[in-house]
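Visitor: okay, here's the prediction I keep looking at, along with the sequence it came from:
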Amino acid sequence: MFKDNKGKLMGDERAVLASARAQMMYDANRKSPGVAYLLCIFFGGFGAHRFYLGSKLGGGLQLGLWLLGWVTLFIAWIPLGIWIIIDLFLIPGIAREKNMALADHFAFD
């Protein structure tokens with residue numbers, strides 16, 4: 001590391017450390033499509049995969065449909081099941097968008 005006479009890091013070193021920190025923060029916060037698929041398959045009715053991918057509204061609506069299904073003798077589960085099947089195709093794109101937003105966030109901090 002290059003330090004000036006007061007022991008502070010030089011500009012290039014500071015930029016390298018900031019870049020390394022941003023990469024570590026991205027790696028710690030990125031979303032895995034594999035985890036989202038597992039959540040969708042096992043806990044899809046609860047909207048767990050949507051919550052994991054950062055969609056609180058979508059997850060809340062799926063959870064609401066699941067709860068409403070108990071009241072309506074399972075009729076609300078029909079649109080929920082269709083939505084979950086569609087989500088199986090959308091998960092990679094949603095995860096990619098979330099990860100790109102994270103990369104932009106940490107790159108420009």
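Guide: Everything's here; your move.

Visitor: so what's the residue nearest the centre of the chain up against?
Guide: Compute the mean C-alpha point of the chain, and by CA atoms, centre = their mean the closest residue is residue 53, 3.1 Å away. Counting by CB atoms under 8 Å, 6 or more residues apart in numbering, residue 53 makes contact with 31, 36, 91, 94-95, 98. C-beta: built from backbone N, CA, C; applies to glycine.

Visitor: flag every buried residue along the least confident helix or strand in the chain by mean pLDDT.
Guide: Lowest by mean pLDDT, DSSP states H and E among the helices and strands of the chain is helix 11-29, with a mean of 87. Residues 22, 26 are the ones in helix 11-29 that count as buried (16 or more other CB atoms under 10 Å).

Visitor: stretch 54-66 too?
Guide: 55, 58-59, 62-63, 65-66.

Visitor: please flag which of those residues sit within helices.
Guide: If you go by DSSP state H, the buried residues of stretch 54-66 have 58-59, 62-63, 65-66 in helices.
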